[in-house]
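# Next one to model:
(chains A, B, C and D)
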There are 2 protein chains.
Amino acid sequence: MITLNAQPLRDDNELARSLFSYAKGEVLYRQDDRADCWFEVVSGIVRTCRLYPDGRRQLMGFFYPGDAFGVDHDFYKASGEAVTDKVLARRHLSRDALIDDAALHRALKSAEDCIFLLGHRTAAERLAAFLLAFGERTGAQVCITLPMSRCDIADYLGLTIETVSRTMSDFVRRGLVALDAPQRVRILDARQLSAVAGDLHAPDDAEIAMRPGSSSRGPSTPQRHASHQGR
Amino acid sequence: MITLNAQPLRDDNELARSLFSYAKGEVLYRQDDRADCWFEVVSGIVRTCRLYPDGRRQLMGFFYPGDAFGVDHDFYKASGEAVTDKVLARRHLSRDALIDDAALHRALKSAEDCIFLLGHRTAAERLAAFLLAFGERTGAQVCITLPMSRCDIADYLGLTIETVSRTMSDFVRRGLVALDAPQRVRILDARQLSAVAGDLHAPDDAEIAMRPGSSSRGPSTPQRHASHQGR
DNA sequence: CGTCTCCTTGAAAGCGTTCAATTACAGTGG
DNA sequence: CCACTGTAATTGAACGCTTTCAAGGAGACG
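Here you go, the predicted structure:
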(Lines give C-alpha, C1' and ligand atoms only; values in the text may rest on other atoms or scores of the structure.)
Protein backbone atom coordinates (compact mmCIF):
# COMPACT_ATOMS: atom_id res chain seq x y z
CA MET A 1 0.00 0.00 0.00
CA ILE A 2 2.84 2.37 0.71
CA THR A 3 4.85 1.28 -2.27
CA LEU A 4 6.10 3.88 -4.65
CA ASN A 5 5.10 2.77 -8.07
CA ALA A 6 8.07 4.05 -9.97
CA GLN A 7 7.41 2.45 -13.29
CA PRO A 8 6.15 4.69 -16.07
CA LEU A 9 3.02 3.50 -17.79
CA ARG A 10 4.66 3.10 -21.14
CA ASP A 11 8.05 3.74 -22.57
CA ASP A 12 7.54 4.56 -26.20
CA ASN A 13 7.98 8.29 -26.06
CA GLU A 14 8.92 11.18 -23.86
CA LEU A 15 5.37 12.03 -22.87
CA ALA A 16 4.33 8.53 -21.97
CA ARG A 17 7.49 8.03 -19.95
CA SER A 18 6.45 10.68 -17.50
CA LEU A 19 3.01 9.23 -16.84
CA PHE A 20 2.44 7.16 -13.74
CA SER A 21 -0.53 5.30 -12.37
CA TYR A 22 -1.41 4.86 -8.72
CA ALA A 23 -3.94 2.82 -6.81
CA LYS A 24 -6.16 4.27 -4.13
CA GLY A 25 -4.17 5.13 -1.02
CA GLU A 26 -0.85 4.74 -2.74
CA VAL A 27 1.86 7.22 -1.86
CA LEU A 28 3.38 9.24 -4.69
CA TYR A 29 6.01 10.81 -2.50
CA ARG A 30 6.71 11.10 1.17
CA GLN A 31 6.96 14.02 3.49
CA ASP A 32 10.61 14.88 4.20
CA ASP A 33 11.86 13.11 1.11
CA ARG A 34 14.01 15.14 -1.22
CA ALA A 35 11.75 17.08 -3.55
CA ASP A 36 13.33 16.19 -6.86
CA CYS A 37 10.17 16.32 -8.92
CA TRP A 38 6.74 17.86 -8.98
CA PHE A 39 3.51 16.37 -10.26
CA GLU A 40 0.48 17.19 -12.27
CA VAL A 41 -2.82 15.37 -11.94
CA VAL A 42 -4.02 13.86 -15.20
CA SER A 43 -7.01 11.97 -13.85
CA GLY A 44 -8.31 11.03 -10.43
CA ILE A 45 -7.77 12.96 -7.21
CA VAL A 46 -4.71 13.37 -5.05
CA ARG A 47 -4.34 14.58 -1.49
CA THR A 48 -1.30 16.05 0.15
CA CYS A 49 -0.98 15.57 3.86
CA ARG A 50 1.39 16.40 6.59
CA LEU A 51 1.95 14.23 9.60
CA TYR A 52 2.55 15.82 12.98
CA PRO A 53 4.96 14.22 15.41
CA ASP A 54 2.07 13.33 17.70
CA GLY A 55 0.47 11.29 14.95
CA ARG A 56 -2.19 13.70 13.84
CA ARG A 57 -2.64 14.44 10.21
CA GLN A 58 -3.38 17.66 8.40
CA LEU A 59 -4.51 17.46 4.81
CA MET A 60 -3.13 20.42 2.92
CA GLY A 61 -5.30 20.04 -0.14
CA PHE A 62 -7.09 17.95 -2.70
CA PHE A 63 -5.82 18.13 -6.25
CA TYR A 64 -7.82 17.60 -9.41
CA PRO A 65 -6.90 17.05 -13.07
CA GLY A 66 -4.74 19.91 -14.25
CA ASP A 67 -3.55 20.81 -10.77
CA ALA A 68 0.09 20.83 -9.82
CA PHE A 69 1.28 19.48 -6.49
CA GLY A 70 4.49 18.52 -4.80
CA VAL A 71 6.16 21.78 -5.81
CA ASP A 72 8.15 22.05 -2.61
CA HIS A 73 11.59 23.46 -2.59
CA ASP A 74 14.15 21.27 -0.88
CA PHE A 75 12.17 18.58 0.83
CA TYR A 76 8.52 17.69 0.57
CA LYS A 77 6.68 19.23 3.47
CA ALA A 78 3.76 16.88 2.96
CA SER A 79 3.21 13.52 1.34
CA GLY A 80 1.20 13.03 -1.83
CA GLU A 81 -1.30 10.18 -1.93
CA ALA A 82 -3.91 8.88 -4.33
CA VAL A 83 -7.46 9.46 -3.10
CA THR A 84 -9.23 7.66 -5.90
CA ASP A 85 -8.38 4.47 -7.68
CA LYS A 86 -6.47 4.70 -10.92
CA VAL A 87 -4.85 8.06 -10.40
CA LEU A 88 -2.82 9.21 -13.36
CA ALA A 89 -0.13 11.75 -12.71
CA ARG A 90 2.56 13.32 -14.80
CA ARG A 91 5.91 13.62 -13.17
CA HIS A 92 8.27 16.45 -13.94
CA LEU A 93 11.86 16.40 -12.88
CA SER A 94 12.51 19.72 -11.23
CA ARG A 95 15.72 20.32 -13.09
CA ASP A 96 14.17 19.52 -16.46
CA ALA A 97 10.88 21.26 -16.64
CA LEU A 98 10.44 24.63 -15.12
CA ILE A 99 7.09 24.60 -13.45
CA ASP A 100 4.85 26.94 -15.32
CA ASP A 101 3.46 29.94 -13.55
CA ALA A 102 -0.14 28.95 -13.94
CA ALA A 103 0.45 25.63 -12.23
CA LEU A 104 2.26 27.29 -9.37
CA HIS A 105 -0.52 29.79 -8.99
CA ARG A 106 -3.05 27.00 -8.79
CA ALA A 107 -0.98 25.34 -6.09
CA LEU A 108 -0.95 28.59 -4.16
CA LYS A 109 -4.68 28.94 -4.59
CA SER A 110 -5.19 25.45 -3.27
CA ALA A 111 -3.27 26.33 -0.13
CA GLU A 112 -5.30 29.47 0.28
CA ASP A 113 -8.50 27.50 -0.09
CA CYS A 114 -7.39 25.36 2.79
CA ILE A 115 -6.66 28.39 4.94
CA PHE A 116 -10.01 29.78 3.99
CA LEU A 117 -11.75 26.64 5.17
CA LEU A 118 -9.75 26.40 8.38
CA GLY A 119 -10.55 30.04 9.02
CA HIS A 120 -14.17 29.17 9.55
CA ARG A 121 -14.76 28.71 13.23
CA THR A 122 -17.52 26.15 13.66
CA ALA A 123 -17.77 22.67 12.27
CA ALA A 124 -20.99 23.50 10.43
CA GLU A 125 -19.37 26.44 8.69
CA ARG A 126 -16.37 24.43 7.64
CA LEU A 127 -18.31 21.48 6.32
CA ALA A 128 -20.84 23.62 4.49
CA ALA A 129 -18.07 25.63 2.88
CA PHE A 130 -16.28 22.44 1.97
CA LEU A 131 -19.30 20.88 0.31
CA LEU A 132 -20.03 24.01 -1.68
CA ALA A 133 -16.42 24.44 -2.73
CA PHE A 134 -16.15 20.83 -3.74
CA GLY A 135 -19.37 21.00 -5.71
CA GLU A 136 -18.22 24.09 -7.50
CA ARG A 137 -14.83 22.70 -8.27
CA THR A 138 -16.12 19.49 -9.76
CA GLY A 139 -18.98 21.16 -11.57
CA ALA A 140 -21.57 19.14 -9.71
CA GLN A 141 -23.69 21.83 -8.15
CA VAL A 142 -26.41 19.57 -6.80
CA CYS A 143 -25.48 15.94 -6.64
CA ILE A 144 -22.00 15.49 -5.21
CA THR A 145 -20.05 12.28 -5.02
CA LEU A 146 -17.34 12.64 -2.43
CA PRO A 147 -14.38 10.54 -3.43
CA MET A 148 -12.68 10.92 -0.08
CA SER A 149 -13.49 9.32 3.23
CA ARG A 150 -14.90 11.05 6.28
CA CYS A 151 -11.46 10.74 7.76
CA ASP A 152 -9.95 12.71 4.89
CA ILE A 153 -12.58 15.37 5.25
CA ALA A 154 -12.04 15.56 8.99
CA ASP A 155 -8.27 15.88 8.64
CA TYR A 156 -8.73 18.48 5.94
CA LEU A 157 -11.10 20.58 8.01
CA GLY A 158 -9.24 20.11 11.26
CA LEU A 159 -12.08 18.20 12.89
CA THR A 160 -12.72 14.66 14.04
CA ILE A 161 -14.64 12.13 11.97
CA GLU A 162 -17.34 12.06 14.60
CA THR A 163 -17.90 15.78 14.33
CA VAL A 164 -17.98 15.61 10.55
CA SER A 165 -20.49 12.82 10.67
CA ARG A 166 -22.64 14.50 13.28
CA THR A 167 -22.63 17.78 11.41
CA MET A 168 -23.56 16.05 8.18
CA SER A 169 -26.45 14.34 9.92
CA ASP A 170 -27.51 17.68 11.26
CA PHE A 171 -27.58 19.12 7.75
CA VAL A 172 -29.81 16.24 6.71
CA ARG A 173 -32.10 16.83 9.66
CA ARG A 174 -32.40 20.49 8.73
CA GLY A 175 -33.15 19.66 5.14
CA LEU A 176 -30.04 21.29 3.72
CA VAL A 177 -28.73 18.16 2.05
CA ALA A 178 -29.77 14.57 1.45
CA LEU A 179 -27.46 11.64 2.01
CA ASP A 180 -28.24 8.94 -0.53
CA ALA A 181 -25.14 7.11 0.58
CA PRO A 182 -22.30 8.14 2.88
CA GLN A 183 -20.44 9.50 -0.10
CA ARG A 184 -23.36 10.70 -2.17
CA VAL A 185 -24.55 14.11 -1.07
CA ARG A 186 -27.42 15.93 -2.69
CA ILE A 187 -27.60 19.62 -1.96
CA LEU A 188 -31.22 20.55 -1.36
CA ASP A 189 -30.89 24.15 -0.26
CA ALA A 190 -27.71 25.67 -1.62
CA ARG A 191 -28.68 29.13 -0.52
CA GLN A 192 -29.15 28.25 3.09
CA LEU A 193 -26.04 26.10 3.01
CA SER A 194 -24.13 29.18 1.89
CA ALA A 195 -25.62 31.04 4.79
CA VAL A 196 -24.44 28.36 7.18
CA ALA A 197 -20.99 28.53 5.61
CA GLY A 198 -20.97 32.24 6.28
CA ASP A 199 -20.27 32.90 2.63
CA LEU A 200 -23.42 34.85 2.20
CA HIS A 201 -23.61 38.48 3.05
CA ALA A 202 -26.02 38.74 5.88
CA PRO A 203 -29.54 39.61 4.76
CA ASP A 204 -29.03 43.06 6.18
CA ASP A 205 -25.48 43.63 5.06
CA ALA A 206 -24.20 46.71 3.25
CA GLU A 207 -21.50 47.58 5.69
CA ILE A 208 -18.85 44.98 5.21
CA ALA A 209 -17.12 46.50 2.25
CA MET A 210 -15.84 49.45 4.16
CA ARG A 211 -13.66 48.05 6.85
CA PRO A 212 -10.32 47.09 5.50
CA GLY A 213 -7.81 46.96 8.27
CA SER A 214 -10.49 46.63 10.87
CA SER A 215 -8.92 45.11 13.88
CA SER A 216 -5.49 46.31 14.81
CA ARG A 217 -6.37 49.93 15.03
CA GLY A 218 -8.50 52.31 13.26
CA PRO A 219 -10.34 55.50 13.72
CA SER A 220 -13.81 54.48 14.61
CA THR A 221 -14.11 50.76 14.43
CA PRO A 222 -16.33 49.47 17.20
CA GLN A 223 -13.70 46.83 17.66
CA ARG A 224 -14.05 43.53 19.22
CA HIS A 225 -13.58 41.17 16.45
CA ALA A 226 -16.97 40.65 15.38
CA SER A 227 -19.15 38.16 16.90
CA HIS A 228 -20.44 35.10 15.59
CA GLN A 229 -23.86 35.61 14.36
CA GLY A 230 -26.48 33.82 16.34
CA ARG A 231 -27.40 30.37 15.38
CA MET B 1 -5.55 55.85 7.19
CA ILE B 2 -6.93 53.50 4.65
CA THR B 3 -5.52 55.48 1.82
CA LEU B 4 -3.55 53.83 -0.88
CA ASN B 5 -0.28 55.61 -1.08
CA ALA B 6 0.28 55.44 -4.78
CA GLN B 7 3.26 57.75 -5.05
CA PRO B 8 6.64 56.17 -5.59
CA LEU B 9 9.32 57.25 -3.19
CA ARG B 10 11.52 58.77 -5.83
CA ASP B 11 11.39 59.11 -9.52
CA ASP B 12 14.94 59.24 -10.70
CA ASN B 13 15.24 55.74 -12.06
CA GLU B 14 13.37 52.59 -12.84
CA LEU B 15 14.17 50.91 -9.56
CA ALA B 16 13.25 53.81 -7.35
CA ARG B 17 10.00 54.30 -9.20
CA SER B 18 8.73 50.92 -8.03
CA LEU B 19 9.44 51.55 -4.36
CA PHE B 20 6.61 52.59 -2.07
CA SER B 21 6.41 53.43 1.58
CA TYR B 22 3.51 52.71 3.90
CA ALA B 23 2.61 53.65 7.42
CA LYS B 24 1.50 51.19 10.04
CA GLY B 25 -1.97 49.89 9.28
CA GLU B 26 -2.00 51.27 5.78
CA VAL B 27 -3.54 49.16 3.09
CA LEU B 28 -1.37 48.27 0.10
CA TYR B 29 -4.19 46.64 -1.81
CA ARG B 30 -7.68 45.49 -1.07
CA GLN B 31 -9.35 42.14 -1.17
CA ASP B 32 -11.44 41.77 -4.33
CA ASP B 33 -9.57 44.50 -6.16
CA ARG B 34 -8.16 43.57 -9.52
CA ALA B 35 -4.76 41.98 -8.98
CA ASP B 36 -2.70 43.99 -11.41
CA CYS B 37 0.53 43.90 -9.48
CA TRP B 38 2.35 41.89 -6.90
CA PHE B 39 4.67 43.07 -4.16
CA GLU B 40 7.92 42.34 -2.50
CA VAL B 41 8.80 43.39 1.02
CA VAL B 42 11.92 45.52 1.22
CA SER B 43 11.73 46.41 4.88
CA GLY B 44 9.16 46.13 7.62
CA ILE B 45 6.43 43.52 7.89
CA VAL B 46 3.24 43.07 5.92
CA ARG B 47 0.18 40.99 6.65
CA THR B 48 -2.37 39.68 4.22
CA CYS B 49 -5.84 39.15 5.53
CA ARG B 50 -9.14 38.01 4.28
CA LEU B 51 -12.42 39.34 5.58
CA TYR B 52 -15.35 37.02 5.90
CA PRO B 53 -18.82 38.29 5.16
CA ASP B 54 -19.72 38.05 8.83
CA GLY B 55 -16.92 40.43 9.72
CA ARG B 56 -14.40 37.96 11.01
CA ARG B 57 -10.88 38.16 9.77
CA GLN B 58 -8.38 35.49 8.84
CA LEU B 59 -4.77 36.47 8.47
CA MET B 60 -3.22 34.46 5.71
CA GLY B 61 0.35 35.29 6.54
CA PHE B 62 3.05 37.67 7.69
CA PHE B 63 5.63 38.70 5.14
CA TYR B 64 9.20 39.73 5.81
CA PRO B 65 11.89 41.42 3.72
CA GLY B 66 12.46 39.40 0.59
CA ASP B 67 9.03 37.79 0.63
CA ALA B 68 6.57 38.16 -2.20
CA PHE B 69 2.90 38.72 -1.57
CA GLY B 70 -0.20 39.71 -3.46
CA VAL B 71 0.53 37.22 -6.22
CA ASP B 72 -3.13 36.42 -6.80
CA HIS B 73 -4.41 35.69 -10.22
CA ASP B 74 -7.46 37.73 -11.19
CA PHE B 75 -8.51 39.47 -8.04
CA TYR B 76 -6.83 39.74 -4.68
CA LYS B 77 -8.29 37.17 -2.36
CA ALA B 78 -6.94 39.01 0.64
CA SER B 79 -5.85 42.53 1.42
CA GLY B 80 -2.27 43.51 2.09
CA GLU B 81 -1.56 45.80 5.04
CA ALA B 82 1.47 47.26 6.75
CA VAL B 83 2.07 45.77 10.18
CA THR B 84 5.00 47.94 11.14
CA ASP B 85 5.64 51.58 10.57
CA LYS B 86 7.66 52.58 7.57
CA VAL B 87 7.09 49.55 5.42
CA LEU B 88 8.98 49.63 2.16
CA ALA B 89 7.65 47.50 -0.67
CA ARG B 90 8.57 47.05 -4.27
CA ARG B 91 5.70 46.89 -6.65
CA HIS B 92 5.79 44.83 -9.80
CA LEU B 93 3.24 45.19 -12.53
CA SER B 94 2.07 41.72 -13.36
CA ARG B 95 2.37 42.21 -17.09
CA ASP B 96 5.85 43.66 -16.85
CA ALA B 97 7.80 41.53 -14.49
CA LEU B 98 7.25 37.83 -14.46
CA ILE B 99 7.29 36.85 -10.86
CA ASP B 100 10.34 34.79 -10.24
CA ASP B 101 9.97 31.22 -9.18
CA ALA B 102 11.75 31.63 -5.90
CA ALA B 103 9.40 34.38 -4.81
CA LEU B 104 6.37 32.35 -5.73
CA HIS B 105 7.74 29.40 -3.84
CA ARG B 106 8.19 31.52 -0.77
CA ALA B 107 4.61 32.68 -1.07
CA LEU B 108 3.49 29.08 -1.23
CA LYS B 109 5.61 28.24 1.76
CA SER B 110 4.04 31.06 3.71
CA ALA B 111 0.59 29.69 2.99
CA GLU B 112 1.69 26.26 4.07
CA ASP B 113 3.11 27.67 7.27
CA CYS B 114 -0.30 29.08 8.03
CA ILE B 115 -1.97 25.74 7.38
CA PHE B 116 0.62 24.12 9.57
CA LEU B 117 -0.22 26.44 12.43
CA LEU B 118 -3.96 26.10 11.99
CA GLY B 119 -3.52 22.36 11.92
CA HIS B 120 -2.51 22.40 15.55
CA ARG B 121 -5.56 21.68 17.63
CA THR B 122 -5.20 23.50 20.91
CA ALA B 123 -4.52 27.15 21.59
CA ALA B 124 -1.33 26.36 23.48
CA GLU B 125 0.04 24.34 20.57
CA ARG B 126 -0.73 27.07 18.09
CA LEU B 127 0.72 29.89 20.10
CA ALA B 128 3.83 27.95 21.03
CA ALA B 129 4.40 26.99 17.41
CA PHE B 130 3.82 30.57 16.36
CA LEU B 131 6.33 31.98 18.81
CA LEU B 132 8.97 29.47 17.82
CA ALA B 133 8.37 29.97 14.12
CA PHE B 134 8.48 33.71 14.49
CA GLY B 135 11.66 33.55 16.49
CA GLU B 136 13.30 31.32 13.96
CA ARG B 137 12.20 33.45 11.06
CA THR B 138 13.50 36.67 12.50
CA GLY B 139 16.66 35.12 13.83
CA ALA B 140 15.80 36.04 17.41
CA GLN B 141 15.84 32.72 19.14
CA VAL B 142 15.47 34.01 22.67
CA CYS B 143 14.24 37.56 22.91
CA ILE B 144 11.38 38.18 20.54
CA THR B 145 9.76 41.48 19.76
CA LEU B 146 6.36 40.88 18.30
CA PRO B 147 5.55 43.66 15.86
CA MET B 148 1.92 42.63 15.59
CA SER B 149 -0.90 43.06 18.05
CA ARG B 150 -2.63 40.31 19.98
CA CYS B 151 -5.52 40.78 17.63
CA ASP B 152 -3.31 40.02 14.63
CA ILE B 153 -1.98 36.94 16.33
CA ALA B 154 -5.46 35.79 17.24
CA ASP B 155 -6.77 36.24 13.72
CA TYR B 156 -3.73 34.48 12.34
CA LEU B 157 -4.10 31.50 14.65
CA GLY B 158 -7.87 31.33 14.39
CA LEU B 159 -8.38 32.18 18.05
CA THR B 160 -9.74 35.10 20.04
CA ILE B 161 -7.55 37.73 21.63
CA GLU B 162 -8.69 36.57 25.04
CA THR B 163 -7.51 33.05 24.39
CA VAL B 164 -4.19 34.28 23.06
CA SER B 165 -3.72 36.44 26.10
CA ARG B 166 -4.76 33.73 28.53
CA THR B 167 -2.50 31.20 26.88
CA MET B 168 0.42 33.59 26.95
CA SER B 169 -0.15 34.22 30.66
CA ASP B 170 -0.25 30.49 31.17
CA PHE B 171 3.14 30.15 29.46
CA VAL B 172 4.50 32.77 31.82
CA ARG B 173 3.02 30.98 34.81
CA ARG B 174 4.64 27.74 33.70
CA GLY B 175 7.98 29.43 33.21
CA LEU B 176 8.16 28.82 29.48
CA VAL B 177 8.47 32.46 28.56
CA ALA B 178 8.79 35.85 30.21
CA LEU B 179 6.75 38.85 29.20
CA ASP B 180 8.83 42.00 29.61
CA ALA B 181 6.14 43.93 27.82
CA PRO B 182 3.06 42.78 25.94
CA GLN B 183 5.12 42.68 22.78
CA ARG B 184 8.44 41.62 24.21
CA VAL B 185 8.63 37.89 24.76
CA ARG B 186 11.64 36.15 26.14
CA ILE B 187 11.75 32.41 25.58
CA LEU B 188 12.98 30.77 28.74
CA ASP B 189 12.54 27.12 27.92
CA ALA B 190 12.62 26.56 24.18
CA ARG B 191 12.72 22.84 24.56
CA GLN B 192 9.55 22.59 26.56
CA LEU B 193 7.89 25.15 24.38
CA SER B 194 8.59 22.88 21.43
CA ALA B 195 7.03 20.05 23.34
CA VAL B 196 3.92 22.12 23.95
CA ALA B 197 3.80 22.96 20.26
CA GLY B 198 3.82 19.27 19.51
CA ASP B 199 6.85 19.73 17.32
CA LEU B 200 8.80 17.35 19.41
CA HIS B 201 8.59 13.61 19.10
CA ALA B 202 7.22 12.72 22.48
CA PRO B 203 8.35 14.63 25.59
CA ASP B 204 10.65 11.94 26.92
CA ASP B 205 11.92 10.70 23.61
CA ALA B 206 15.52 9.70 23.03
CA GLU B 207 16.80 12.88 21.51
CA ILE B 208 15.39 15.43 19.16
CA ALA B 209 18.51 16.47 17.38
CA MET B 210 18.71 13.36 15.28
CA ARG B 211 18.99 15.45 12.16
CA PRO B 212 16.19 16.39 9.86
CA GLY B 213 16.97 13.80 7.23
CA SER B 214 13.71 11.88 7.10
CA SER B 215 11.85 12.00 10.31
CA SER B 216 8.35 10.94 9.30
CA ARG B 217 6.92 7.55 10.01
CA GLY B 218 6.21 8.35 13.57
CA PRO B 219 6.63 5.61 16.08
CA SER B 220 3.48 3.77 16.90
CA THR B 221 1.14 6.09 18.67
CA PRO B 222 -2.05 4.99 20.37
CA GLN B 223 -3.92 6.29 17.41
CA ARG B 224 -7.53 6.60 16.70
CA HIS B 225 -8.74 7.68 13.35
CA ALA B 226 -5.93 6.02 11.64
CA SER B 227 -5.16 6.96 8.14
CA HIS B 228 -4.90 4.40 5.48
CA GLN B 229 -1.40 3.39 6.02
CA GLY B 230 -0.26 2.56 9.48
CA ARG B 231 1.17 5.41 11.33
C1' DC C 1 -22.86 -15.97 7.63
C1' DG C 2 -18.94 -13.83 9.72
C1' DT C 3 -15.54 -10.34 9.46
C1' DC C 4 -13.76 -6.06 8.18
C1' DT C 5 -14.01 -1.29 7.44
C1' DC C 6 -16.35 2.85 7.38
C1' DC C 7 -19.91 5.56 9.16
C1' DT C 8 -23.23 6.99 12.65
C1' DT C 9 -24.93 7.94 17.24
C1' DG C 10 -24.77 8.69 22.46
C1' DA C 11 -23.03 10.74 26.85
C1' DA C 12 -19.70 13.16 29.48
C1' DA C 13 -15.70 16.02 29.73
C1' DG C 14 -12.48 19.52 28.07
C1' DC C 15 -11.54 23.74 26.08
C1' DG C 16 -12.30 28.05 23.62
C1' DT C 17 -15.64 31.54 23.15
C1' DT C 18 -18.54 34.96 24.87
C1' DC C 19 -19.80 38.59 27.91
C1' DA C 20 -18.04 41.64 31.20
C1' DA C 21 -14.93 43.98 34.21
C1' DT C 22 -10.21 45.47 35.33
C1' DT C 23 -5.50 46.99 34.49
C1' DA C 24 -1.73 49.27 31.97
C1' DC C 25 -0.12 52.87 29.24
C1' DA C 26 0.39 56.69 25.78
C1' DG C 27 -1.41 61.00 24.36
C1' DT C 28 -3.83 65.31 25.44
C1' DG C 29 -5.10 69.33 27.67
C1' DG C 30 -6.11 71.76 31.95
C1' DC D 1 2.34 67.63 37.03
C1' DC D 2 -1.76 65.30 36.97
C1' DA D 3 -6.62 63.98 35.83
C1' DC D 4 -8.91 62.54 31.49
C1' DT D 5 -9.47 59.71 27.47
C1' DG D 6 -8.94 55.97 24.30
C1' DT D 7 -6.72 51.77 23.03
C1' DA D 8 -4.49 47.37 24.00
C1' DA D 9 -4.03 43.71 27.04
C1' DT D 10 -5.37 40.89 30.88
C1' DT D 11 -8.43 38.33 33.88
C1' DG D 12 -12.90 36.08 35.57
C1' DA D 13 -17.16 33.18 35.06
C1' DA D 14 -20.63 30.77 32.45
C1' DC D 15 -21.98 28.80 28.32
C1' DG D 16 -21.64 25.97 24.19
C1' DC D 17 -19.27 23.39 20.82
C1' DT D 18 -15.95 19.88 19.78
C1' DT D 19 -13.51 16.12 21.45
C1' DT D 20 -13.18 11.89 23.69
C1' DC D 21 -14.60 7.39 24.89
C1' DA D 22 -17.74 3.85 23.71
C1' DA D 23 -21.12 1.31 21.36
C1' DG D 24 -24.19 0.36 17.58
C1' DG D 25 -25.32 0.07 12.31
C1' DA D 26 -24.43 -0.58 7.29
C1' DG D 27 -22.28 -2.45 3.28
C1' DA D 28 -18.60 -5.08 0.92
C1' DC D 29 -16.32 -9.38 0.46
C1' DG D 30 -14.78 -14.03 1.13
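
# domains for chain A, by residue range?
A:14-114, A:121-207 (automatic domain parsing).

# Pull the distance from the longest one to the chain's centre.
Using CA atoms, centre = their mean, to the nearest Å, the mean C-alpha position of domain A:14-114 is found 12 Å from that of the whole chain.

# would TSV of the domains of chain A with distance to B:Thr138, mean pLDDT and mean neighbour count be doable?
All C-beta spots, glycine's among them, are computed from the backbone N, C-alpha and C. Formatted as TSV, the domains of chain A follow (distance: least, CB to CB, whole Å; pLDDT from 0 to 100; neighbours: other CB atoms under 10 Å in any protein chain shown):
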stretch	distance to B:Thr138	mean pLDDT	mean neighbour count
domain A:14-114	20	90	19
domain A:121-207	27	91	17
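
# of all the ones you listed, which lies closest to B:Val87?
Set against B:Val87 and scored by CB to CB, those come closest in domain A:14-114, at 22.0 Å.

# How about the contacts made by A:Cys49?
A:Gln31, A:Arg57, A:Gln58, A:Leu59, A:Met60, A:Ala78, A:Ser79, A:Glu81, A:Asp155, B:Ser227 (CB atoms under 8 Å, 6 or more residues apart in numbering or on different chains).

# right, and A:Asp36 touches A:Arg91 too?
No: assessed by CB atoms under 8 Å, A:Asp36 is found out of contact with A:Arg91, at 9.9 Å.

# quick one: the host helix or strand of A:Glu136 near DNA strand C?
Assigned by DSSP states H and E, A:Glu136 belongs to helix A:123-138. No: if you take CB under 7 Å from any atom of the strand as the test, helix A:123-138 misses DNA strand C, and the best it gets is 10.7 Å.

# Tell me if that helix is near DNA strand D.
Yes: legend: contact between helix A:123-138 and DNA strand D by CB under 7 Å from any atom of the strand is shown at A:Ala123, A:Ala124.

# helices or strands next to that helix in the packing?
helix A:101-119, strand A:143-145, helix A:150-157, helix A:161-173, strand A:184-187, helix A:190-197 (3 or more CB pairs under 8 Å, 6 or more residues apart in numbering or on different chains; DSSP states H and E).

# could you give the angle of the fourth one to helix A:150-157?
What that stands for is helix A:161-173. 100 degrees (axes from the mean of the first three to the mean of the last three CA atoms, to 10 degrees).

# before we move on, what about the first one?
In terms of direction (the same axes, to 10 degrees), helix A:101-119 departs from helix A:150-157 by 90 degrees.

# any idea how far the residue lying closest to A:Arg150 once chain neighbours are set aside is from B:Ala154?
In space, A:Arg150 comes closest to A:Ile161 once its chain neighbours are excluded; the distance is 4.7 Å by CB to CB, 6 or more residues apart in numbering or on different chains. Applying CB to CB, to the nearest Å, the value for A:Ile161 to B:Ala154 is 28 Å.
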